[in-house]
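Colleague: Based on what follows, work out the 3D shape:
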Amino acid sequence: MSAETGTAVVVARGLRVRRDEREILAEIDLDVRTGEVLALVGPNGAGKSTLLSVLSGDLQPAAGTVELDGRAIGSFRPLELARRRAVLSQANVVSFPFRVIEIVQMGRSPWIRTAELADDQQAVLEAIRATDIEHLLGRRFTTLSGGEQARVSLARVLAQRTPVVFLDEPTAALDLRHQEDVMRLARELAAQGRAVVVVVHDLSLAGAYADRIALLDGGRLDAVGTPTEVMTADRVGRVYGLDVQIHRLGASDRPIVLPLRD
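Modeller: Residues are numbered from 1 along each chain as shown. You can find the predicted model right below:
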């Protein structure tokens, strides 16, 4: 990647989003950096997916600014934007019964009539292998399970090969093994110098794989920092309204969050 590791490629300042007179996001300042996995966590309705949509340029805020590579994200033409960032949304909706291989190949469409077109075959092959969908390639997308559809949609995003990657709940429909695979993949992308933003509900997954965590509560940033800094029992308990224990994993000191049960 052209940017140095740790460079802020997406810079958001003063973000506000309102819907039906309700404030969904308020005064959000956040940077997305190369070489890092940034996890957005928080209770249901905290504004995680909305924030991801604003950071990726898919949603315009009521106030505030988002810059990508030092330029207002709203000034990019759609094709320009698609070459700089890829987005995996929660809804894996496909209207037509495309085959899986066709869905993955769609990730290469931003690169038509560019020199990168020569990389199509390799990019698609790597995405297929990374998401463990080789056995699904001849299937129709509409016949797949929710978890299979999620992995195919992730493969499309990976095939796009962009410097910035936004993943909205990529582990939600997956079994234990594939949850770990996806988060390891996010780490690999960051190791390549990309900037990765991922919405995650499982706090222990976020703690295990994220470089930084942004904890949202009621549309506001409660804390931003390393997993160790953000995930304290007092803070998690207050934001989620549930008493928890925080266990530290080995020498890495990565937090594991466990609810206190009777």
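Colleague: from the chain's centre, how far out does the helix ranked longest in the chain sit?
Modeller: Secondary structure of the chain per DSSP state H: the longest helix is helix 176-191. Its chain's C-alpha centre and that of helix 176-191 lie 11 Å apart, by CA atoms, centre = their mean, to the nearest Å.
Colleague: Name the residues of that helix that come out as buried.
Modeller: Residues of helix 176-191 classed as buried: His178, Gln179, Asp181, Val182, Met183, Leu185, Ala186, Arg187, Leu189, Ala190 (neighbour count, 16 or more other CB atoms under 10 Å). Backbone N, C-alpha and C define where each C-beta goes, glycine included.
Colleague: Mind giving me the packing neighbours of that helix?
Modeller: strand 36-41, helix 146-159, strand 164-168, strand 195-199, helix 203-209 (3 or more CB pairs under 8 Å, 6 or more residues apart in numbering; DSSP states H and E).
Colleague: With mean pLDDT and distance to Ile24 added, can I get those in JSON lines?
Modeller: Listed next are the helices and strands packed on helix 176-191 as JSON lines, based on pLDDT from 0 to 100; distance: least, CB to CB, whole Å:
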{"stretch": "strand 36-41", "mean pLDDT": "98", "distance to Ile24": "14"}
{"stretch": "helix 146-159", "mean pLDDT": "95", "distance to Ile24": "24"}
{"stretch": "strand 164-168", "mean pLDDT": "98", "distance to Ile24": "15"}
{"stretch": "strand 195-199", "mean pLDDT": "98", "distance to Ile24": "14"}
{"stretch": "helix 203-209", "mean pLDDT": "95", "distance to Ile24": "21"}
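Colleague: TSV please, covering these and showing distance to Gly219 and mean neighbour count.
Modeller: Shown next, in TSV, are those (distance: least, CB to CB, whole Å; neighbours: other CB atoms under 10 Å):
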stretch	distance to Gly219	mean neighbour count
strand 36-41	12	26
helix 146-159	26	23
strand 164-168	17	25
strand 195-199	15	27
helix 203-209	19	23
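Colleague: ok, and what's touching the worst-scoring helix or strand of the chain on mean pLDDT?
Modeller: When each helix and strand of the chain is scored by mean pLDDT, DSSP states H and E, strand 244-249 comes last, with a mean of 90. Residues external to strand 244-249 that are found in contact with it (CB atoms under 8 Å, 6 or more residues apart in numbering): 208, 228, 231-233, 236-237, 254-260.
Colleague: sorry, back to before: nearest to Gln90, of the buried residues of helix 176-191?
Modeller: The nearest member of the buried residues of helix 176-191 to Gln90, counting by CB to CB, is Val182 at 14.0 Å.
Colleague: The closest one is in contact with Leu174, isn't it?
Modeller: Yes: here Val182 reaches Leu174: they are 6.5 Å apart, a contact under CB atoms under 8 Å.
Colleague: Against Gly237, how distant is Ile246?
Modeller: Per CB to CB, to the nearest Å, Ile246 is found 10 Å from Gly237.
Colleague: the more surrounded of those two?
Modeller: Ile246 (20 against 17; other CB atoms under 10 Å).
Colleague: Mind listing the residues bridging to that one?
Modeller: When assigned by DSSP bridges, Ile246 has beta-bridge partners Val257.
Colleague: Distance of it relative to Gly146?
Modeller: When Ile246 is compared with Gly146 (using CB to CB), they lie 31 Å apart.
Colleague: Residue ranges in the chain under the pLDDT threshold?
Modeller: 1-5, 92, 95, 117 (pLDDT under 70).
Colleague: let's see 80
Modeller: 1-5, 91-96, 113, 116-118, 249-252, 262 (pLDDT under 80).
Colleague: mind listing the helices for the stretch 1-150 of the chain?
Modeller: Along the stretch 1-150 of the chain, counting by DSSP state H, counting those that start in this stretch, helices occupy 48-55, 78-84, 100-105, 120-130, 146-159.
Colleague: Quick one: these as CSV, columns for distance to Glu36 too.
Modeller: CSV is the format used below for the helices of the stretch 1-150 of the chain (distance: least, CB to CB, whole Å):
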stretch, distance to Glu36
helix 48-55, 14
helix 78-84, 17
helix 100-105, 26
helix 120-130, 19
helix 146-159, 18
